[in-house]
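Visitor: Got a sequence here, can you model it:
(chains A and B)
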Amino acid sequence: MDFSLTDEQQLLLDSLDELIARECTPDYVAKLDKEHRQPTEFRQAMHEAGFLGLGFPEEYGGTPVDATTLFLIAERVAKAGLNIGYGTELLSVLDILEFGSEEQKHQVLDELASGGCPFALAFTEPSAGSDSAAMKMTAVHQDGKVVFNGTKTLVTNAVGAKYLLTMAKNPDAEDPKRAFSMYLIPTDTPGISLSPIEKMLWRSATSSEIFYDDVTVDESCLVGKKGHGFVQLMKNFELERIMTATQSLGLAEAAFEDAATYAAQRHQFGQPIGNFQLIQEKLTDMSIKIENMKNIVYHSAWMVDNGKLDRIQASMCKRYCSMAAFEVADEAMQIYGGIGVTEGARVARLWRDIRGHRFGGGTDEIMVRIIGRQIVKDRS
Amino acid sequence: MKIVVAYKWAANPQDASVAPNGAVDWSRAKYAVSEYDPVAIELARQLADATGAELIGVSVGEKQVASPMAKKAALSRGLDKLVLVADDALAGAGPVKFGLVLAEVIKGIGDVDLVLAGDSSIDVGQQTVPAVIAGALGWPTVSQVTKVSGTAGDLTVERNFQGGSQVLKATGPVVLSAAADAVTPRVPGMKDILAAGKKPAEEVPYSAPQLGSAVEVTGQSKLTLKARKGHLIDAADPAAAATTLVGALKATINL
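Guide: You can find the predicted model right below:
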């Protein structure tokens, strides 16, 4: 197996390092967290340097690259301490590229190419989180229009997004498996109201509750086939899980760097605490976990690029990285001790943000449900 | 118009370690286009875009200066082509030898109107090479340049100097070195990097310059920090402490 980077990947990461040093400093990221706002400036800088067009076809202003390169970029951005700074919406755009009409592709990709946030994925509902089939939002097709009613919650980065990629069900569908469809709805459509939710983590990404009250949109807002919403959504969920895992990896690397540096410099009992074997054991195990995370992320990325990724691998990657990253962050916090929870200690924010990845994008437990059932099924 | 940027493929000292005896271990140092050279490339690129000039990068050094990675790294910054001297005989060469070899390369290119270089190299930092090139070519040289505009034989150059700035007129070929903060260099994107692999890069053979004498590094040591005075001011009486502090500061700067 060849884990070395190509010249192009290395140069791209070098460029990204330059950009991060200028536009995504530790102070900037801390400010985003404190002010509960998205990294608009860094996103614009990424756009101007051509990073936001990576992975998309040239006819839409993009630059095609392999998935491994995209994951490497996401890891690097997360390693700068910025959670959900790159990649999450990128992979959702694949839904539009694959299933959207030509008009929808231009709507979304033109917005992305101009540095804007094309859409937020409106999926979760107050009564439908992991149990997505319990979704209640309705989409009634009548006279060439679709009327939406219902509530979505914990929608990431809806504030500032031009569209809401919304999942809703046809209340009259006979087959419940074919009840859900996917729609691209302008966020400023009358009847849509956003209510941002305050939260203790992922503060550089907004979360919102969204109310749809008789929202009426032309039927051309349908993405793909009517009744195929779930199938379409699941298609790129696997890539999103790898992306989430990659972000966990990058954030864990940041926590490890902070903790290792602190251990080497913090003196107690007349010497650096890093001299104590109990601290060394923590650092060693953290380092091994990071190495394991890298292996499963890079292997998964290789599987994507070679058309071999399946739900099991994606779910294993997501579950392992979310949990291992939190173990790393938790130990980093332990090495810091009380100073770790004070204002200005980055490790506290990393600990909070990494914790969110254990349920964001699919809980640890749902990953077990996917993986465990398949393991047994394969042997039955 | 033909513009040349002289750049260095240099190891980053941040990754080097210094042993107690002063020996420098460069084995873990990563090579890149030397830190301030992208500023010179950007300055030159902007002038080339404004005038339609050809922008040529030149560099000399050990074999690795012509490695695919080194060539792509330089070309992705906006250079149109490269002319390189890559020979291990240049290992450990000082700024005079580098400057003389670069001057020969520039002569070989022919009809060059302007040479730009970075403020200094990240590994040696003597700020000497542009002057050596200019001397060898018999051209004038200007340092700390912040802006350059105009066309061949009629260039307007702005530079910083202690206490202000100057505007100069260059009526013939000239060697300029850019101020470290003259412009913000662009960050190469994937398109630039992919395009870099398709741009031309020419290697020319090394011909050792004749130097009348030589200077060699015969010893190295770590920087010795001056001992701190450790003057503590008792702040029990804040007003008295402030007066003492001001007095000490005045004494330090000889007011």
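Visitor: residues in contact with the residue in chain B positioned nearest to chain A?
Guide: In chain B, no residue comes nearer to chain A than residue B:189, which is 2.8 Å away by CB to the nearest CB. Glycine gets a C-beta too; all of them are placed from N, C-alpha and C. Under the criterion of CB atoms under 8 Å, 6 or more residues apart in numbering or on different chains, the neighbours of residue B:189 are A:12, A:15, A:49-51, A:63.
Visitor: partners of the longest strand along chain B, with directions?
Guide: In chain B, with assignment by DSSP state E, the single longest strand is strand B:141-151. Strand B:141-151 has the following sheet partners, assigned by DSSP bridges: strand B:154-161 (antiparallel), strand B:174-178 (parallel).
Visitor: got the ones you listed as a markdown table, with mean neighbour count, distance to residue A:319 and mean pLDDT columns?
Guide: Formatted as a markdown table, the entries for these read as follows, by neighbours: other CB atoms under 10 Å in any protein chain shown; distance: least, CB to CB, whole Å; pLDDT from 0 to 100:
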| stretch | mean neighbour count | distance to residue A:319 | mean pLDDT |
| --- | --- | --- | --- |
| strand B:154-161 | 16 | 57 | 94 |
| strand B:174-178 | 27 | 51 | 97 |
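Visitor: any chance of those in TSV, plus distance to residue B:224?
Guide: Supplementary listing: the strands paired with strand B:141-151 in TSV, determined by distance: least, CB to CB, whole Å:
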stretch	distance to residue B:224
strand B:154-161	31
strand B:174-178	30
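Visitor: which ones are touching the nearest residue to residue A:11 once chain neighbours are set aside?
Guide: The spatial neighbour of residue A:11 that comes closest, neighbours along the chain excluded (CB to CB, 6 or more residues apart in numbering or on different chains), is residue B:193 at 4.8 Å. Shown in contact with residue B:193 (CB under 8 Å, 6+ apart): A:8, A:11-12, A:15, B:72, B:76.
Visitor: Same check on residue B:17?
Guide: Contacts were defined as CB under 8 Å, 6+ apart; by that measure residue B:17 touches B:24-25, B:28.
Visitor: Secondary structure, distance to chain A and pLDDT for those - can I get that in CSV?
Guide: Formatted as CSV, the contacts of residue B:17 follow (DSSP: H, G, I helix; E, B strand; the rest coil; distance: CB to the nearest CB, whole Å; pLDDT from 0 to 100):
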residue, secondary structure, distance to chain A, pLDDT
B:24, strand, 22, 83
B:25, strand, 19, 87
B:28, coil, 16, 88
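Visitor: Top of the residues you listed by number of neighbours, please.
Guide: The member of those surrounded by the most neighbours (other CB atoms under 10 Å in any protein chain shown) is residue B:24, with 15 neighbours in all.
Visitor: Please name the nearest non-neighbouring residue to residue A:66.
Guide: If you skip the residues right next to it in sequence, residue A:66 has residue A:305 as its closest partner in space, 4.8 Å away by CB to CB, 6+ apart.
Visitor: Next up, the contacts around the one you found.
Guide: With contact taken as CB under 8 Å, 6+ apart, residue A:305 is in contact with A:66-68.
Visitor: 10 Å instead?
Guide: Listed by CB atoms under 10 Å, 6 or more residues apart in numbering or on different chains, the contact partners of residue A:305 are A:66-69, A:71.
Visitor: Neighbour-wise, which one of those residues leads?
Guide: The member of the contacts of residue A:305 that has the most neighbours, counting by other CB under 10 Å, is residue A:71 with 26 neighbours.
Visitor: Would you check how far apart it and residue A:249 are?
Guide: 9 Å (CB to CB, to the nearest Å).
Visitor: How about residue B:156?
Guide: In this view, residue B:156 and residue A:249 are 51 Å apart by CB to CB.
Visitor: Local confidence estimate at residue B:229?
Guide: According to the model's per-residue confidence, residue B:229 sits at a pLDDT of 77.
Visitor: again with residue A:89
Guide: According to the predicted model, the pLDDT of residue A:89 comes to 68.
Visitor: same question, residue A:184
Guide: Model confidence at residue A:184, expressed as pLDDT, equals 95.
Visitor: swap in the one 4 residues further on?
Guide: The per-residue pLDDT reported for residue A:188 equals 96.
Visitor: wait, doesn't it sit right on residue A:160?
Guide: No - counting by CB atoms under 10 Å, no contact exists between residue A:188 and residue A:160, whose distance comes to 11.6 Å.
Visitor: Please say which of the two ends up with more neighbours.
Guide: residue A:160 (14 against 8).
Visitor: Now for the closest residue in space to the more buried one that isn't next to it in sequence: which residues touch it?
Guide: Using CB to CB, 6+ apart and skipping the chain neighbours, the partner closest in space to residue A:160 is residue A:117 (5.2 Å). Taking CB under 10 Å, 6+ apart as the definition of contact, the neighbours of residue A:117 are A:38, A:40, A:43, A:52, A:89, A:111, A:157-163, A:187.
Visitor: So in that sheet, which strands flank the helix or strand hosting residue A:121, and in what orientation?
Guide: Under the criterion DSSP states H and E, the helix or strand holding residue A:121 is strand A:119-122. Within its sheet, and counting by DSSP bridges, strand A:119-122 is paired with strand A:163-169 (parallel).
Visitor: tell me which residues in the partner strand are buried?
Guide: The neighbour-count check on strand A:163-169 (16 or more other CB atoms under 10 Å in any protein chain shown) flags A:163-169 as buried.
Visitor: Tell me the one among the residues you listed nearest to residue A:22.
Guide: For residue A:22, the nearest member of those is residue A:163. The distance, counting by CB to CB, is 30.4 Å.
Visitor: wait, doesn't the closest one sit right on residue A:186?
Guide: Yes - with contact taken as CB under 10 Å, residue A:163 and residue A:186 are classed as touching, separated by 5.8 Å.
Visitor: Check the contact lists of those two and give me the overlap.
Guide: For the pair residue A:163 and residue A:186, residues contacting each of them under the criterion CB under 10 Å, 6+ apart are A:107, A:119, A:221.
Visitor: Any chance of a markdown table for these, columns pLDDT?
Guide: Rendered in a markdown table, the data for the shared contacts of residue A:163 and residue A:186 read as follows (pLDDT from 0 to 100):
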| residue | pLDDT |
| --- | --- |
| A:107 | 85 |
| A:119 | 84 |
| A:221 | 95 |
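Visitor: Residue B:97 - that's part of a helix, no?
Guide: Yes - if the criterion is DSSP: H, G, I helix; E, B strand; the rest coil, then residue B:97 is within a helix.
Visitor: number of nearby residues for it?
Guide: Using other CB under 10 Å, residue B:97 is surrounded by 19 other residues.
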